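Next input, structure requested:
(4 chains)
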There are 2 protein chains.
Amino acid sequence: MLLYYFEMTLSEEDYIKAIYHLSQIDSKTVATNAIAEQMKTKPSSVTDMVKKLSEKSLVKYKKYQGVSLSEKGRLVALSVIRKHRLWEVFLVDKLNFSWDEVHEVAEQLEHIKSDALIDKLDAYLGFPKVDPHGDPIPNKEGYFTKSVKKLISELPVLSEGVCVGVNDSSVAFLKFLDKNNIALGDTFKILDREEFDGSVTISTRVGSIRISEQIASNLFLEIVADEE
Amino acid sequence: MLLYYFEMTLSEEDYIKAIYHLSQIDSKTVATNAIAEQMKTKPSSVTDMVKKLSEKSLVKYKKYQGVSLSEKGRLVALSVIRKHRLWEVFLVDKLNFSWDEVHEVAEQLEHIKSDALIDKLDAYLGFPKVDPHGDPIPNKEGYFTKSVKKLISELPVLSEGVCVGVNDSSVAFLKFLDKNNIALGDTFKILDREEFDGSVTISTRVGSIRISEQIASNLFLEIVADEE
DNA sequence: AAATAAATTTAGACAAAACTAAAAAATTGT
DNA sequence: ACAATTTTTTAGTTTTGTCTAAATTTATTT
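Coordinates of the predicted model:
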């Protein structure tokens, strides 16, 4: 990430980030419409911007064929994501925000331009490897430990991981978790799954409990694996 | 500062801040040319922007008569200044920037929009009253303790204050300070001044020392006084 | 393999914030 | 007091990022 990257505008950074995220989902080329939806703009605006990014060789683009990031673009995306996730750690660890309140502020903070700032923030936070949602933080060079973040309902029996998030942050659901001694940061192991109804037995701090499929499909575990 | 202020753009905030600072210097109405110089734009651009700010009733403006902030505009200015100075404290106290490196980054951070963020940052920093340059930090309502920040050479004998900055940050000068046990944050009292050469005797942590006029005109003391 | 539908691009416009050049008002000097 | 100078404003462009409407290309059906 040694890219002293030539004057990216806020908007360009947002597009690059959107293209990065969309290409993660689908690995193929990213569609104009998909970007428009993500960015909440119109497809014609996307075409304009993509042309501009292409001229700066941040994306590979052929008319009607969709877009993908160039290596340069990928590094820009990772640099922005690094900033976003470091700020999220700051907001949660230092300022006591809860992990579901930080996204919008981090969307602003990620655009602050200063390499020294990010280096010092990283050190101040103790070089964290993941953000409060369990997503990995790329290092300065754009490398990161890819953590697999999956719903309990999607993981095989005997998987083990740290609970890092929920899909449904309704009051009722959070109360349920509290009552059952489930908290973010806890380590769980999947002991068994009933094929009949998809309910799952997991081991927690206080012993093993049975959770319904509905619950299992609302809890994310993070299984860390080195990669990339 | 309870102003849920209706969508200020970055540029508008910068203009309001510039007008505030210029009106502090001169208390009268602020000239178009002065704003243009401060903002590094052309006078015609200033006229355009000032009209816009006037329509939003953030400034009082009559053609050819200069500009002044409305009460609403003054509160916006103080809100931006509050953010700027809190971020400066964060950068120096928490991230170990030196006080002369923080301005540019704080210029960016001051535009981050989130009341919760600023409240929590303020608390995290221990509700500081002044920034690393000795300038006062307005509170949420826009009130602040006005601190007088002056060069030792400009202060009368028997003045007392905290050393908060230097004019000349050359290596030679900083070495001199170090050798003489003078550091930012120290409290000094001006014991005597020689009319002949302007040299000054001050009391420091390690006893009293004599400093030349050249040194005295490079060291800022902050004398706090409640006001505003 | 057409015909239809969907996705994408082009063309032309607009708002924000800047600019240049020229006009108008205010200030200054003699 | 009035000519010269300075300051400020107006008018007309430019750039960035957006939009709508129309045209074009690709994909899907039958």
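
now do the same end-to-end measure for stretch A:158-170.
Counting by CA to CA, to the nearest Å, you get 28 Å between the two ends of stretch A:158-170.

just stretch A:50-60 next, same as before
Stretch A:50-60: ends 9 Å apart by CA to CA.

State the pLDDT value of the residue positioned nearest the centre of chain A.
Closest residue to the average C-alpha location of chain A: A:Asp135 at 4.6 Å, with CA atoms, centre = their mean. For A:Asp135, the model assigns a pLDDT of 85.

My guess is it contacts A:Lys146. True?
No. Using CB atoms under 8 Å, A:Asp135 makes no contact with A:Lys146, being 9.8 Å away. Placement of C-beta: from N, CA and C, glycine included.

From A:Ser212, how far out is the most far-flung residue of chain A relative to its centre?
Going by CA atoms, centre = their mean, the residue of chain A most distant from its centre is A:Phe196, 32.4 Å out. Distance of A:Phe196 to A:Ser212, given as CB to CB, to the nearest Å: 12 Å.

swap in A:Arg85?
Here A:Arg85 is placed at a distance of 32 Å from A:Ser212 (CB to CB).

The two: who's more crowded?
When A:Arg85 and A:Ser212 are compared for neighbours, A:Arg85 comes out ahead with 24 against 14, by other CB atoms under 10 Å in any protein chain shown.

and the nearest residue to the more buried one once chain neighbours are set aside, how many neighbours does it have?
Counting by CB to CB, 6 or more residues apart in numbering or on different chains, A:Asp131 is the residue found nearest to A:Arg85 once chain neighbours are left out, at 3.7 Å. Residues within reach of A:Asp131, counting by other CB under 10 Å, total 23.

next one: A:Asn167
11.

My read is that it contacts A:Phe220, right?
Yes. With contact defined as CB under 8 Å, A:Asn167 and A:Phe220 form a contacting pair (7.4 Å).

can you list contacts of stretch A:100-110?
A:13, A:80-81, A:83-85, A:87-88, A:91-92, A:97, A:132, A:169, B:109, B:112-114, B:116-117 (CB atoms under 8 Å, 6 or more residues apart in numbering or on different chains).

Weed out the non-buried ones from those.
A:13, A:80-81, A:83-85, A:87-88, A:91-92, A:97, A:132, B:109, B:112, B:114, B:117 (16 or more other CB atoms under 10 Å in any protein chain shown).

Looking at these, which has the smallest pLDDT value?
Lowest confidence among those: A:Pro132, with 83.

Show the contacting residues for the closest residue to that one other than its chain neighbours.
Excluding its sequence neighbours, the residue lying closest to A:Pro132 (CB to CB, 6+ apart) is A:Trp99, at 3.8 Å. Contact analysis of A:Trp99 by CB under 8 Å, 6+ apart lists A:88, A:92, A:132-133, A:165, A:184.

Let me know the closest of those residues to chain B.
Closest to chain B out of the contacts of A:Trp99 is A:Val92 (10.9 Å), distances taken as CB to the nearest CB.

sec struct for A:Lys28, please.
coil (DSSP: H, G, I helix; E, B strand; the rest coil).

what's the burial count for it?
10.

Flag every buried residue along stretch A:143-155.
A:144, A:147-150, A:152-153, A:155.

biggest separation within those, which pair?
Using CB to CB, the pair of the buried residues of stretch A:143-155 lying farthest apart is A:Phe144 and A:Ser153, separated by 25.8 Å.

re the thing from before, restricted to helices, list the buried ones among the contacts of stretch A:100-110.
Within these, membership in helices is found for A:13, A:80-81, A:83-85, A:87-88, B:109, B:117, as judged by DSSP state H.

quick one, strands of chain A?
With strands called from DSSP state E, chain A shows them at A:59-61, A:67-69, A:147-151, A:160-166, A:187-193, A:200-204, A:207-211, A:219-224.

so which of those comes closest to chain B?
strand A:160-166 (20.7 Å).

Taking strand A:219-224 as reference, get the angle to the closest one.
Angle, strand A:160-166 to strand A:219-224, by axes from the mean of the first three to the mean of the last three CA atoms, to 10 degrees: 130 degrees.

Tell me which strands strand A:160-166 pairs with, and in which orientation.
strand A:187-193 (antiparallel), strand A:219-224 (antiparallel) (DSSP bridges).

Same list (those strands) but as TSV, adding mean neighbour count and distance to DNA strand D.
Supplementary listing: the strands paired with strand A:160-166 in TSV, determined by neighbours: other CB atoms under 10 Å in any protein chain shown; distance: least, CB to the nearest atom of the strand, whole Å:
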stretch	mean neighbour count	distance to DNA strand D
strand A:187-193	17	35
strand A:219-224	20	31
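
what does the model give the residue nearest to A:Pro132 for pLDDT?
Note on A:Trp99: pLDDT of 78.

which sections of chain A are below the confidence cut-off?
Applying pLDDT under 70 to chain A flags the ranges A:1-5, A:147, A:224-228.

Write out the residues of it neighbouring DNA strand C.
A:31-34, A:43-44, A:46-48, A:50-51, A:61, A:63-66 (CB under 7 Å from any atom of the strand).

buried subset of those residues?
By 16+ other CB under 10 Å, these give A:31-32, A:34, A:46-47, A:50, A:61, A:66 as buried.

Could you identify the most distant pair in those residues?
A:Ala34 and A:Tyr61 (14.0 Å).

show me what contacts A:Phe173?
A:166, A:218.

Closest one of the buried ones among the contacts of stretch A:100-110 to DNA strand D?
A:Glu13 (9.0 Å; CB to the nearest atom of the strand).

So the closest one versus DNA strand C, what's the distance?
18 Å (CB to the nearest atom of the strand, to the nearest Å).

Which residues are in contact with the residue nearest to that residue when sequence neighbours are not counted?
Spatial nearest neighbour of A:Glu13, excluding adjacent residues (CB to CB, 6+ apart): A:Val80 at 5.3 Å. Residues in contact with A:Val80 (CB under 8 Å, 6+ apart) are A:13, A:16-17, A:110-111.

Quick check: of the residues you listed, which has the highest neighbour count?
Counting neighbours by other CB under 10 Å, A:Ile16 leads the contacts of A:Val80 with 27 neighbours.

Please verify my assumption that that one contacts A:Lys52.
No. At 11.2 Å, A:Ile16 and A:Lys52 do not qualify as touching, with contact defined as CB under 8 Å.

So which bits of chain A are right by DNA strand D?
A:9-12, A:39-42, A:44-45, A:48-49, A:52, A:63-64.

Pull out the buried residues from the residues you listed.
The buried subset of those (16+ other CB under 10 Å) comprises A:12, A:39, A:41, A:49.

Out of the residues you listed, give me the two with the largest separation.
A:Glu12 and A:Thr41 (13.2 Å).

Done for today, thanks.
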